[in-house]
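Participant: I would like the atomic coordinates for the input below:
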Amino acid sequence: MRVLGVVGFCLSVALFVVAEGCGGQSHGDDDDSSTRSGGMSGVGDPQESKGGAPSSGAPGANAGIAGSGAQGVTAGHGGQSDGGATSSHGGTAGGGGAAAQGGALGNAGQGGEASQGGGGGEESTPAGICGDGELAAGEACDDGNAEDGDGCSATCSVEAGHICNAARCDPDGTHCSYTLAATFRDFNASTATGGHPDFQPGYASDGAIQGLVQELLDADGKPVQSTKATTSATGGFMHGQTAFAQWYRDAPPSSKPIAGEIVLWDDGTGRFTNRWGAHGEQWHGALTPNDYGVVTLGGPGGTGCEYCTPTATGMCYDPCIPFGSASACCAEIPTPKVFDGNPLFFPIDSAPGILSEPRFEGKVPAQYGWSGWPDETDMSPDYDPPVPVDAPIETATAPFPSTTHNFSFTTEVTYWFTYAADMNAIFEFTGDDDLWVFLNGHLAVDMGSWHVPTNGTLTIAGDQITATAQLNVDDTGQATKTAPPKNGTAETYGLVSGNAYPIKVFHAERQAEGSSFRISIAGFDVGKSLCVAE
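Facilitator: Okay, here's the model as predicted:
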């Protein structure tokens, strides 16, 4: 069992968890009973994610953390980050299908149900010890004691009226993940009958706009539109507080609330981030001829490499993929360019209760290693490995490639954590469109309006709290406009050491044809489950 200590914290839209330990597959104990209270088989199945800016080093860099080097849980090959170290090869998922996902930032009552684990042929793993502060198989929560009345019962199930943050690991503790509960709401475009006036404003945008919402959440814990917000492009294309209040509430013209999940994957460095693949696989950027090293002509196509001999680290390409030629050639096997986050974040393409509206395919932003914002059906045959348009694959949120994505939706996530006067934690986000992060009801990260993917961070370094925000980027994903840092203190945000506080993320996907999302967390204590009243 792997014991998690302090874990990282970073963003792209749906958020966090503060419990630790090794959950893993739903296995029985010594008498071979195969029941448990929640948990996931293996590492679990991710649901939603987004964003992803190239990494340039240590956690906390404003450039973002995608491409961290750690390959996906089920990926069979390594990858190198932009400035990071080559990832370890291999990396296999824990066996078995997903079992009941109790307590992972879920509603009370989701945990505690006996659930048969998936297959996979693995040997059974004994259940954990309830009350030891390590979330294990057979436990929906574990807050370090065996007492009732504090949200996590004496039998380690989530008590009614509470939610518990939780991290789970596969049986050997090699791979861990956070499953974050998210609430999505679907909308129709402003041009549709019965559509919402704030959605699908058009393509003209000068980037993110700050100051469109007030500094404090309202009595319902929702953002409030400011007087700066107007119907113009410079005012964020927002049509008043009544219309804005609908973004994160359940009445028409929004759909009914749609419950979902966003899974953050352990990258091996103490950072947890969402990913594109259905099992935690990272997104691959485009390869160039230079990535294949020295290329040697191998002869006519279809005959193999009769004129060249591959090196020990190379192979024969027939046809010659490095040069896009029909001839054969010998070249090196390139290191994949991998990125964390999700460049194609469409969490409610097929969810129950969504609205009916025109569908489109997505475009891939520059932050994910493809230039020119290519349509997904145009670039999928060149993906590594190739994905034919007529043979899409499942990802964390939607089939790839697809021409029928559901745009115009909002995302809402709440993450509870215990503030410590000596903590050093960071939350990072890359994505589009509107994104606001509130710490204990106070606005921190502010990137409103519809815009291309931009990066935001929230850093808690002891008593000092700093929020940063990019406001615009160029076609290569490099920042062209950045807001001054927003500096504050624990007192500014009303934080007292030892108390639990919410971080609330409010996101909106308001403009086709791009939808990306990345969140990453680091530095938060995940030693045991944190349970709070709903």
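
Participant: so where's the stretch 151-300 of the chain shaky on pLDDT?
Facilitator: 172-173 (pLDDT under 70).

Participant: Going by residue numbers, what spans are helices in it?
Facilitator: Along the stretch 151-300 of the chain, the stretches classed as helices by DSSP state H, counting those that start in this stretch are 241-245.

Participant: any chance you could map the strands in it?
Facilitator: In the stretch 151-300 of the chain, the strands defined using DSSP state E, counting those that start in this stretch lie at 162-165, 167-169, 176-186, 258-266, 272-274, 283-284, 296-299.

Participant: For stretch 180-194, measure first residue to last.
Facilitator: 31 Å (C-alpha to C-alpha, to the nearest Å).

Participant: That stretch: which residues count as buried?
Facilitator: Leu180, Ala181, Ala182, Thr183, Phe184, Arg185, Asp186, Phe187, Asn188, Ala189, Ser190, Ala192 (16 or more other C-beta atoms under 10 Å). To be clear about C-beta, it is placed using only N, CA and C from the backbone, and glycine gets the same treatment.

Participant: separation between the second one and Asn274?
Facilitator: Taking C-beta to C-beta, to the nearest Å as the measure, Ala181 and Asn274 are separated by 13 Å.

Participant: Now the terminal residues of stretch 362-380, how far apart.
Facilitator: Termini of stretch 362-380 sit 12 Å apart (C-alpha to C-alpha).

Participant: I'd like the numbering to begin with 33 instead of 1 from here.
Facilitator: Shifting the count to begin at 33 puts that one at stretch 394-412.

Participant: now it, how far from the chain's geometric center?
Facilitator: 18 Å (C-alpha atoms, centre = their mean, to the nearest Å).

Participant: bridging residues for the residue most central in space within the chain?
Facilitator: Among the residues of the chain, the one closest to the centroid is Asn306, at 2.7 Å (C-alpha atoms, centre = their mean). Applying DSSP bridges to Asn306 gives these bridge partners: Leu296.

Participant: Outline the domain layout of the protein.
Facilitator: 33-243+273-307+369-566, 321-365 (automatic domain parsing).

Participant: chain center to the first one: distance?
Facilitator: To tie it back to what came earlier, the one meant is domain 33-243+273-307+369-566. 3 Å.

Participant: ditto for the last one
Facilitator: Relative to its chain's centre, domain 321-365 lies at 37 Å (C-alpha atoms, centre = their mean).

Participant: Which member of the buried residues of stretch 212-226 is positioned nearest Phe459?
Facilitator: Nearest to Phe459 among these is Leu212, at 12.2 Å by C-beta to C-beta.

Participant: doesn't Val445 make contact with the closest one?
Facilitator: Yes - Leu212 lies in contact with Val445 (C-beta atoms under 8 Å); the separation is 6.1 Å.

Participant: sorry, back to before: where's the residue nearest to the centre of the chain relative to Ser552, distance?
Facilitator: In terms of C-beta to C-beta, Asn306 sits 8 Å off from Ser552.

Participant: Below-threshold pLDDT in this protein: ranges please.
Facilitator: In the chain (pLDDT under 70), the answer is 33-159, 204-205, 558-559.

Participant: switch to 90 and redo it
Facilitator: 33-161, 164-176, 178, 195-213, 234-237, 299-302, 335, 447-448, 556-562, 566 (pLDDT under 90).

Participant: and Cys361, how many residues sit next to it?
Facilitator: Using other C-beta atoms under 10 Å, Cys361 has 26 neighbouring residues.

Participant: Fine, thanks again, bye for now.
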